[in-house]
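Asks: The following block contains a protein sequence and its predicted model.
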Amino acid sequence: MKSQQWWLGVSAVILILSTASRVWPQQVQAHETALELKVDAADVVVRGTVLAVQGYGAVTVKVLETIKGENRSSIEFADNTSTDSNSTEQVYNNWRTGGYEFLWFLRKPSTGRSASYPLLGSWIDVIPLVQDIRPLTPKPYNPIYPPAYLTAELRVASNPDDIVAVVRKASSYRAGQKGECVVSGIAPGCAVGVPYRMVVRPGDGYVQFVHMPADERMEALCLRMIQRPGELWTIPAANSSSAYNVPDLEKPSLVREQGVRCLRSFRSEANIQLLETIAKEGPPPSTPYYRGPRYDPAAAAVETLKSWGIKVR
């Protein structure tokens, strides 16, 4: 029973109630975090193995590579995210015995909060650099690790070497500008709506969400979705499900509307001009007898411009 309650709690963190459109019933959609955002949100990122488990959530990691933060041979952190300390220790001890490598994303305690350890972490937020983590992790914990991860370019990374390369590149990236968005309590960064096929573990609904760093990497994705919406239907999918597929005539509108909403975080003269042009397009053509949600990039552009205090003529 405890394990079932735990899994329901994790599911609540991953999924959130939202709506696919103004006229579509409320649904549970997935929120996934891009690899680049995982790096941005962490104070320390290392590649390493579990060296020791001291109990009470204290873990020592043997550092094989420091990707972000100060170089050191080992690092200690406290796992304060689990209420079941025995199961948590079992997880870490299994990993220590196996000797396998992981990427560890660690953070400093929040300001004003006292802590016995200078860093905090969670076994939920590590990335195993092995093809199959299930033999190393007791049930019901092993289902939380996805088989692949998304990049800020919506590329699917599943090979450990590829994942590490993306994380290394992200750690050296210096954003030239920062956007603004309403940060949700589910994950850091800004949520960008994408088609169902473009998240690893989709929830319900035609639109799912990927959380991105609020900088020019996200803006580039917004513009790509507006200007080249077909790419999100032809690039490799993040999952193999055929659920929530939309008719071909609706596909560009779905992606472009989400791109327009994404662009709301990046007000500039160029983006104002772009949205003013889109606002004049009028309603897009629709598929006869299609009963799914309708997407309207022009209406979304008008809404975004109004949020910037710009009147649409």
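Replies: Received, thanks.

Asks: Every contact and neighbour count from this point should use C-alpha atoms.
Replies: OK.

Asks: Now do the same for Gly259: helix, strand or coil?
Replies: helix (DSSP: H, G, I helix; E, B strand; the rest coil).

Asks: which residues does it contact?
Replies: 192-193, 221-226 (CA atoms under 8 Å, 6 or more residues apart in numbering).

Asks: cutoff 7 Å now
Replies: 222-223, 225-226 (CA atoms under 7 Å, 6 or more residues apart in numbering).

Asks: Among those, which lie within helices?
Replies: 222-223, 225-226 (DSSP state H).

Asks: neighbour-wise, which of those leads?
Replies: Cys222 (27 neighbours; other CA atoms under 10 Å).

Asks: Please name the nearest non-neighbouring residue to it.
Replies: In space, and not counting its chain neighbours, Cys222 is closest to Gly259: 4.5 Å by CA to CA, 6 or more residues apart in numbering.

Asks: Where do the strands of the stretch 101-250 of the chain begin and end?
Replies: 102-106, 120-121, 127-128, 149-150, 156-157, 190-195, 207-212 (DSSP state E, counting those that start in this stretch).

Asks: out of the ones you listed, which comes closest to Thr66?
Replies: strand 102-106 (9.9 Å; CA to CA).

Asks: Show me what the closest one pairs with in its sheet, parallel or antiparallel.
Replies: Strands that pair with strand 102-106, judged by DSSP bridges, come out as strand 44-55 (antiparallel), strand 127-128 (antiparallel).

Asks: In TSV: these, plus distance to Ser307, mean neighbour count and mean pLDDT.
Replies: Formatted as TSV, the strands paired with strand 102-106 follow (distance: least, CA to CA, whole Å; neighbours: other CA atoms under 10 Å; pLDDT from 0 to 100):
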stretch	distance to Ser307	mean neighbour count	mean pLDDT
strand 44-55	36	21	93
strand 127-128	38	22	89
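
Asks: how about the ones you listed in JSON lines, adding distance to Ala170?
Replies: Output for the strands paired with strand 102-106, formatted as JSON lines (distance: least, CA to CA, whole Å):
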{"stretch": "strand 44-55", "distance to Ala170": "11"}
{"stretch": "strand 127-128", "distance to Ala170": "15"}
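
Asks: picking that back up, could you measure from the residue nearest to Cys222 over to Thr234?
Replies: Distance, Gly259 to Thr234, by CA to CA, to the nearest Å: 17 Å.

Asks: and if you look at Lys169?
Replies: From Lys169 over to Thr234 (counting by CA to CA), the distance is 25 Å.

Asks: These two: which has the busier surroundings?
Replies: Lys169 (12 against 8).

Asks: What residues of stretch 165-185 count as buried?
Replies: Within stretch 165-185, the residues scored as buried using 16 or more other CA atoms under 10 Å are 166-168, 170-171, 179.

Asks: now, which of these lie within helices?
Replies: Per DSSP H, the buried residues of stretch 165-185 map to helices at 166-168, 170-171.

Asks: Take these and write them to TSV, including distance to His31 and pLDDT.
Replies: Shown next, in TSV, are those (distance: CA to CA, whole Å; pLDDT from 0 to 100):
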residue	distance to His31	pLDDT
Val166	20	97
Val167	20	97
Arg168	23	97
Ala170	20	97
Ser171	22	96
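
Asks: May I see the ones in helices among the contacts of Gly259 organised as JSON lines, with pLDDT and distance to Asn245 added?
Replies: Formatted as JSON lines, those follow (pLDDT from 0 to 100; distance: CA to CA, whole Å):
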{"residue": "Cys222", "pLDDT": "97", "distance to Asn245": "21"}
{"residue": "Leu223", "pLDDT": "98", "distance to Asn245": "23"}
{"residue": "Met225", "pLDDT": "98", "distance to Asn245": "17"}
{"residue": "Ile226", "pLDDT": "98", "distance to Asn245": "19"}
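
Asks: Need the residues that contact stretch 199-217.
Replies: Under CA under 7 Å, 6+ apart, the answer for stretch 199-217 is 20, 27-34, 36-37, 148-149, 152, 175, 177-180, 189-196, 218, 238-239, 244.

Asks: how long is that stretch from one end to the other?
Replies: Start-to-end, stretch 199-217 (CA to CA) is 18 Å.
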